[in-house]
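>>> predicted structure and sequence below. I'll ask about it afterward.
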Amino acid sequence: MVGPNVTLTPLSRADGSASYQCPSTGSNILGSVNAPVELPGRRDALKPEEATVEVFVKPGTAPAGVGERYVEGIIKTMISRLILGREKGYPRRGVVITLAIVGGQSARRGDSYLTLLPALLNTSLLALLSASVPMSMTFSATSLAVTSTGDILREPTAEVASSAASVHVLAFSSKGHLLLNESQGAFDLDTWDNVRERALAICRGTASYGSDGDVTMSVDVDGQPLEGTIREAVEDQVHRDYAWSIDAV
Amino acid sequence: MNKEAPLSIAERDFILNALREGVRLDGREADQLRPLKVSFGEEYGHVKVQLGKTSLIVRISSEVTKPHDDRPFDGLFTIALELTAMGSPAWDNGRQGDLETYVTNTLDRVVRHSNALDTESLCIMKGVSCWSVRADVHITDYDGNLVDASCIGIMAGLLHFRRPDAVVKDGQVIVYGLDERVPVALNITHKPLAVTFHTFDEGRLVILDATRKEEQASEADVVIGLNNAGDVCFVSKFSGSPVDAMVFVNKTNVALEKVKEINGVIDKALQADLAKRGKGGLAEQSRAENDR
């Protein structure tokens, strides 16, 4: 399976940005992060000791609606747990995450938004990394559909998801903990266990820890684990960013 | 906030004094555009415009809806532009600023009210169903001249877009998928584009395609919208200090030249994209003519 197409910092005005294209759903998300920024005076919503996270999802070809507000809520709760909002310079400031669906199908009215959620989550992580916002851990997210015959399909398109028995979105932290679980449809606990196992394999591979704490990731049916792809994208970017100083020496 | 950080006095003076000596910050002539790049995505009507450091993405989409009661023969065409924090950290998400209202209004006047897209051709069945075409403008990087860049994006998108074919059979509307029938191009009556000028020193200095800093240092702006044939469809002097009438007369000719230049760039990009798509595409397969 081909991994996602990732570009870090494609934009120049935003503090951090990333573009992410999911190969199986074809959705292309452009994300930007501005942090830390001065927030307009809505002091009632602010916690004085922490940074406020704002998420804005902009659909590609339709006005924003309830679907966007729903995923914004999910992304916001998850991301604000990961950002170290008490680091120097962050309290009373805002972290503004803007995600635009610039390619692929937007969710139409009545479609499940869960198919787009993992791409949105992965994009926001990459954009946060690009903006060097301090975070306690990284993560990777994927979506799975369970068909009525019990087959588990990776990252379903909107059409597949609408005919599936249940759709699940799971996110795993860089430590292997389950960070997010959003499910839609009817399923039993055994099915969910299978889904979790498959999602773990997609996100983190069948990782084994070396004696020095290094993680070695193996490649299986799902190709390179998502976390590895994200890691590599950031590594490549850092390498390129520092290339001039290597050249100069 | 919704406002860019203002220029410092020194920076403003620098820009002004340089302009008085006929030099622009990026070394351009007064009537020179920044490098323009128009490229198309995989889908129909997906355009990326890069004008200097200003960049944006336009997506055109269509769906079947009911026409307005008072105009049963007309389809719908909307331009949706929303400034998000992606384009500039000074813009707030979900809050409409002055710039957004101004740009939306100008685009509406230049593209929509000049009937660039023939809305009557979007009618499927009188009073019952019609196409609703929507142009979404996503500003990804803002470095001045939003109006011209968005206008280029929307026009290129409309020219590139193909809507699904729809026929009426026994009072029933049948819409064919993009893979069932060759999708139909939109009916574009003419290709209007906006050209923005900024003035300095009580209208003595006039420059084209200002960057964000030049915009901030300027006194006033003049927008001229016209098409390849030289028909002026929009003139606006929205805010700032007064401008001599001769500026409008003189700069209309410059604008015409630029519109032809920009339309040339769009046409070239369209040709290249169509040639790429033509190979093995549905249009190629379903052509009636053959090589013999």
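That came through fine. Residues are numbered from 1 along each chain as shown, chains lettered A, B, ... in the order given.

>>> burial count for residue 171?
Defaulting to chain A. Using other Cβ atoms under 10 Å in any protein chain shown, the number of residues around A:Ala171 comes to 24. Glycine gets a C-beta too; all of them are placed from N, C-alpha and C.

>>> meant chain B, my bad for not saying
Neighbour number of B:Gly171 under other Cβ under 10 Å is 7.

>>> repeat for B:Leu56
B:Leu56: 23 neighbours (other Cβ under 10 Å).

>>> so what touches stretch B:90-103?
A:40, A:54, A:56, A:96, A:98, B:1-5, B:81-85, B:142, B:146-147, B:150, B:238 (Cβ atoms under 8 Å, 6 or more residues apart in numbering or on different chains).

>>> got phi/psi on A:Ser19?
According to degrees, to the nearest 10, the main-chain angles of A:Ser19 amount to phi -120, psi 140.

>>> on that earlier part again, in helices only, show me the contacts of stretch B:90-103.
B:146-147, B:150 (DSSP state H).

>>> which one of the residues you listed is nearest chain A?
Taking Cβ to the nearest Cβ as the measure, chain A lies nearest B:Leu146 of those, at 12.5 Å.

>>> might one say that that closest one is in contact with B:Thr54?
Yes: using Cβ atoms under 8 Å, B:Leu146 is in contact with B:Thr54, at 7.0 Å.

>>> next one: the residue in the stretch 151-292 of chain B that chain A sits nearest to relative to B:Cys151, how far apart?
As assessed by Cβ to the nearest Cβ, chain A sits closest to B:Arg212 within the stretch 151-292 of chain B, at 9.2 Å. Going from B:Arg212 to B:Cys151 by Cβ to Cβ, to the nearest Å gives 18 Å.

>>> hmm, back to that, can you say which of the contacts of stretch B:90-103 are buried?
Among the contacts of stretch B:90-103, those buried by neighbour count (16 or more other Cβ atoms under 10 Å in any protein chain shown) are A:54, A:56, A:96, A:98, B:4, B:81-85, B:142, B:146-147, B:150.

>>> buried stuff in stretch A:4-22?
A:4, A:6-11, A:13-22.

>>> meant to ask about stretch B:103-113, not that
For stretch B:103-113, burial by neighbour count (16+ other Cβ under 10 Å) applies to B:103-104, B:106-112.

>>> starting at the chain centroid, how far to that stretch?
The chain centroid and the centroid of stretch B:103-113 are separated by 9 Å under Cα atoms, centre = their mean, to the nearest Å.

>>> now the end-to-end length of it.
End-to-end distance for stretch B:103-113, by Cα to Cα, to the nearest Å: 14 Å.

>>> also stretch B:34-47?
18 Å.

>>> what segments of the chain are strands?
Because you didn't say which chain, this covers chain A. Counting by DSSP state E, chain A has strands at residues A:5-8, A:16-21, A:28-37, A:52-58, A:94-103, A:139-146, A:152-154, A:166-173, A:178-185, A:208-209, A:215-216.

>>> chain B is the one I meant
B:36-40, B:46-51, B:54-65, B:76-82, B:123-125, B:129-141, B:162-163, B:166-169, B:172-175, B:184-185, B:193-200, B:205-208, B:220-226, B:232-236.

>>> among those strands, which is nearest A:Glu235?
strand B:129-141 (24.8 Å; Cβ to Cβ).

>>> now the angle between strand A:52-58 and the closest one, please.
On the basis of axes from the mean of the first three to the mean of the last three Cα atoms, to 10 degrees, strand B:129-141 is oriented at 140 degrees to strand A:52-58.

>>> direction included, what does strand B:129-141 pair up with?
Strand pairing for strand B:129-141, determined by DSSP bridges: strand B:54-65 (antiparallel), strand B:76-82 (parallel), strand B:123-125 (antiparallel).

>>> of those strands, which stretch is the most buried?
strand B:54-65 (a mean of 23; mean count of other Cβ atoms under 10 Å in any protein chain shown).

>>> angle of that one against strand B:46-51?
Per the same axes, to 10 degrees, the angle that strand B:54-65 makes with strand B:46-51 is 150 degrees.

>>> now do strand B:54-65, average pLDDT.
Averaging pLDDT along strand B:54-65 gives 94.

>>> kindly report the same for stretch B:171-187.
89.

>>> could I get the buried residue list for it?
By neighbour count on 16+ other Cβ under 10 Å, the buried set for stretch B:171-187 is B:175, B:181-184, B:186.

>>> near chain B, which residues of chain A show up?
Contact residues, chain A versus chain B (Cβ under 8 Å from any Cβ of the partner chain): A:10-15, A:17, A:30, A:32, A:34, A:37-38, A:40, A:54, A:56, A:58, A:60-63, A:96, A:98, A:100, A:102-104.

>>> circling back: adding distance to A:Ala233, write the strands of chain B out as JSON lines.
Below are the strands of chain B laid out as JSON lines (distance: least, Cβ to Cβ, whole Å):
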{"stretch": "strand B:36-40", "distance to A:Ala233": "22"}
{"stretch": "strand B:46-51", "distance to A:Ala233": "21"}
{"stretch": "strand B:54-65", "distance to A:Ala233": "21"}
{"stretch": "strand B:76-82", "distance to A:Ala233": "28"}
{"stretch": "strand B:123-125", "distance to A:Ala233": "45"}
{"stretch": "strand B:129-141", "distance to A:Ala233": "19"}
{"stretch": "strand B:162-163", "distance to A:Ala233": "34"}
{"stretch": "strand B:166-169", "distance to A:Ala233": "42"}
{"stretch": "strand B:172-175", "distance to A:Ala233": "40"}
{"stretch": "strand B:184-185", "distance to A:Ala233": "38"}
{"stretch": "strand B:193-200", "distance to A:Ala233": "38"}
{"stretch": "strand B:205-208", "distance to A:Ala233": "39"}
{"stretch": "strand B:220-226", "distance to A:Ala233": "41"}
{"stretch": "strand B:232-236", "distance to A:Ala233": "44"}
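
>>> just the terminal-to-terminal distance for stretch B:78-95.
Using Cα to Cα, one end of stretch B:78-95 lies 20 Å from the other.

>>> restrict the ones in helices among the contacts of stretch B:90-103 to those near chain A?
Applying Cβ under 8 Å from any Cβ, the subset of those adjacent to chain A is empty.

>>> can I get these in JSON lines with pLDDT and distance to A:Pro134?
Output for the ones in helices among the contacts of stretch B:90-103, formatted as JSON lines (pLDDT from 0 to 100; distance: Cβ to Cβ, whole Å):
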{"residue": "B:Leu146", "pLDDT": "95", "distance to A:Pro134": "33"}
{"residue": "B:Val147", "pLDDT": "96", "distance to A:Pro134": "39"}
{"residue": "B:Ser150", "pLDDT": "97", "distance to A:Pro134": "36"}
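
>>> many thanks, I have nothing further to ask.
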